[in-house]
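Enquirer: Provided below are the primary sequence and the corresponding predicted coordinates.
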Protein chains: 2
Amino acid sequence: MTATVVPASASRAPILPCAAVSDDVRAAGEHIADTLRRLQEALAPPRRLVHAGDVLYQAGDRFRNLYVLNSGLFKIVNLAPDGREQVVGIKFRGDWLGFDGIAEGRYGCDAVAMDTGEVWTIGYEALLAACAARPTLLVKLHEAMSREIAHDRGSLLSMCTLPADARVADFLRSWIDSLASRGLRTDQISLRMTRAEIGNHLGMTLETVSRALSRLARDKVIEFAGKGRREVHIADPERLSAFVQGSLAPPVLQ
Amino acid sequence: MTATVVPASASRAPILPCAAVSDDVRAAGEHIADTLRRLQEALAPPRRLVHAGDVLYQAGDRFRNLYVLNSGLFKIVNLAPDGREQVVGIKFRGDWLGFDGIAEGRYGCDAVAMDTGEVWTIGYEALLAACAARPTLLVKLHEAMSREIAHDRGSLLSMCTLPADARVADFLRSWIDSLASRGLRTDQISLRMTRAEIGNHLGMTLETVSRALSRLARDKVIEFAGKGRREVHIADPERLSAFVQGSLAPPVLQ
DNA sequence: CGCCACTTTGAATTAGCTCAAATTCCGTGG
DNA sequence: CCACGGAATTTGAGCTAATTCAAAGTGGCG
């Protein structure tokens, strides 16, 4: 574990590339900043710097804290007793981690950093105490849990109703959505995951992921940037949605 | 909508068939009863009788209430804008419904009764007010949300890592688990769903569900009871788990 | 009794998997 | 700076699990 603790006096927020964004995108970005501000005021949570590969918590660890991502990227990995494992979620700035530990008193997943970032540690008991005095903080907490439930259901829907190619497209689309709702630029994704990890997350093999990406590139829905093929450019997010739709309705139009 | 409102003076709890159950199963059953008791004390929520097919709320409806199931069985159906739909959850006695509506102020799914039952309506604002004075009620609420998140992730894992037959077995196993944790008899399941619904829930076709069930019956993992083939007897729940495991490890034993 | 919805089972088709080989990328050490 | 080696990626060629299509079979209910 190479993570180190950073004093609360560290920089308040990361620099956000701020291109032209719509009003509701800016509003959504504000929503996250607002939550972070309130957490800072109420709890002045300790901050921790993490690097790719760092494990924030593991399945089975005793639950005491929730965590909020101030920057960076995490994967949430679910583990079955029999050894099966799956990437069940990708977490971005503003996302909370660890909700699944509340009920049983132990985390049910691993949380692994996929990039350098900063995590705020929120003691659960302290959070509850703070919420008692600040109702809006409780509202934020519930919204975050609710969003997570809704998002997981969306994943399940994609998994169950989309063919492999469309599932990959939808995965990219939802990633773009996440970026957009944080006011980040939506024309490129830096996939900090291998094809194998993406495949595991989407319930398909790494070869199928590779083929799907190649086809999306061939059809000009995405394009690869740079040397490695982990930088994906997306000229128009709409084309991703269109691709998903297209793979549903077999050309009925005569 | 044929549902009717039942006065709060109605019977406190349904009759629970109580065979020999282990201590922690009884404890789990107590957990639910305890939550219901606290809700009753704090809010005296209105009770509503529902019948199979009744729709409690629909995706898009304005969110105002959570609901707690005192008896009966619900399915939660997620709907995509493009018409895709999926049964993303099955709800039993003690389960909460509607969490997904908190964040956006609108429900994201339909909640449809699959059997006669009684639902308690919990005004969200009133609940928050009640929680302010009763911390344990807040704890219960968070536990319920946490459990839902953990459960959804389990579903995703099954979907992504199990072949069709094992997925059906795992579905039955988790249903049995739900019954067990409520102190209900675990040797039979009354599937109040068609093969098509089960298939939709598990991401496979109705034919595949039918074949999987036939194979499970042939292998004596389950057996059909009664005339229709919706009553499933399960002599030993362990055999379901064993079947799931067996379909993972290709006979390595020489 | 007969209709209708649900279920089962079979046969043919296919999407995605497995296996295999070639290629690219990137860090490391000479 | 370049050569080397391991990991990740791409692409091809069968193979298989699950789907689609089709046809009986079964049960519930007016």
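Expert: Done, it's in. Residues are numbered from 1 along each chain as shown, chains lettered A, B, ... in the order given.
Enquirer: what's the spacing between the nearest residue to A:Leu172 once chain neighbours are set aside and A:Arg211?
Expert: Counting by C-beta to C-beta, 6 or more residues apart in numbering or on different chains, A:Leu172 lies nearest to A:Leu240, which is 5.7 Å off, once chain neighbours are set aside. Every residue, glycine included, has its C-beta placed from N, CA and C. In this view, A:Leu240 and A:Arg211 are 17 Å apart by C-beta to C-beta, to the nearest Å.
Enquirer: okay, those two: which has more neighbours?
Expert: A:Leu240 (24 against 16; other C-beta atoms under 10 Å in any protein chain shown).
Enquirer: Which strand or helix spans the more buried one?
Expert: helix A:237-246 (DSSP states H and E).
Enquirer: One more: A:Gly83?
Expert: Per DSSP H and E, there is no helix or strand for A:Gly83.
Enquirer: returning to what we had before: tell me the spacing between the residue nearest to A:Leu172 and A:Ser146.
Expert: 25 Å.
Enquirer: Would you pull up the residue in the stretch 1-150 of chain A closest to DNA strand C?
Expert: A:Ala52 (11.3 Å; C-beta to the nearest atom of the strand).
Enquirer: Shouldn't that residue be within a strand?
Expert: No. A:Ala52 is assigned coil when assessed by DSSP: H, G, I helix; E, B strand; the rest coil, not a strand.
Enquirer: Got phi/psi on it?
Expert: Per-residue torsions, A:Ala52: phi -50, psi 130 (degrees, to the nearest 10).
Enquirer: give the contact list for it.
Expert: A:113-116, A:192 (C-beta atoms under 8 Å, 6 or more residues apart in numbering or on different chains).
Enquirer: Nearest to chain B, out of the residues you listed: which one, please.
Expert: A:Met114 (18.0 Å; C-beta to the nearest C-beta).
Enquirer: isn't that closest one right next to A:Ile76, touching?
Expert: No. Applying C-beta atoms under 8 Å, one finds A:Met114 not in contact with A:Ile76, separated by 10.6 Å.
Enquirer: Quickly list what's touching both of those two.
Expert: A:Ile90.
Enquirer: coming back round to it: for the helix holding A:Leu240, which outside residues touch it?
Expert: A:162, A:165-166, A:169-170, A:172-173, A:176, A:180, A:186, A:216, A:219-222, A:234, B:82.
Enquirer: Please repeat the previous calculation with a cut-off of 7 Å.
Expert: A:162, A:166, A:169-170, A:172-173, A:176, A:186, A:216, A:221, A:234, B:82 (C-beta atoms under 7 Å, 6 or more residues apart in numbering or on different chains).
Enquirer: separation between the residue nearest to A:Leu172 and B:Arg195?
Expert: 33 Å.
Enquirer: Next: A:Glu41.
Expert: Distance from A:Glu41 to B:Arg195, by C-beta to C-beta: 54 Å.
Enquirer: What parts of the stretch 51-200 of chain A come near chain B?
Expert: Applying C-beta under 7 Å from any C-beta of the partner chain, we find that the stretch 51-200 of chain A lies next to chain B at A:78, A:80, A:82, A:84, A:86, A:88, A:99-100, A:102-103, A:108-109, A:128, A:132, A:138, A:142-143, A:145-150, A:152-153, A:155-157, A:159-161.
Enquirer: taking those one by one, which sit in strands?
Expert: Those of these mapping onto strands are A:78, A:86, A:88, A:109, per DSSP state E.
Enquirer: can you pull the pLDDT of the last one?
Expert: It refers to A:Cys109. A:Cys109 is assigned a predicted lDDT (pLDDT) of 98.
Enquirer: if we can go back for a sec, close to DNA strand C, is the helix holding A:Leu240?
Expert: No. Helix A:237-246 does not reach DNA strand C (C-beta under 7 Å from any atom of the strand); its nearest approach is 12.5 Å.
Enquirer: Using CSV, write out the CA atom coordinates for that helix.
Expert: Extracted C-alpha coordinates of helix A:237-246, given in CSV (Å, rounded to 0.1, in the frame of the first residue of the first chain):
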residue,chain,number,x,y,z
PRO,A,237,-21.6,11.0,-28.4
GLU,A,238,-24.9,10.8,-30.3
ARG,A,239,-23.4,8.2,-32.6
LEU,A,240,-22.8,5.9,-29.7
SER,A,241,-26.5,6.1,-28.7
ALA,A,242,-27.4,5.7,-32.4
PHE,A,243,-25.3,2.6,-32.6
VAL,A,244,-26.9,1.1,-29.5
GLN,A,245,-30.3,1.8,-31.0
GLY,A,246,-29.4,0.4,-34.4
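Enquirer: Show me how the record splits chain A into domains.
Expert: Using automatic domain parsing, the domain parsing of chain A gives A:16-144, A:162-246.
Enquirer: Check those for me: which has the lowest mean pLDDT.
Expert: domain A:16-144 (a mean of 92).
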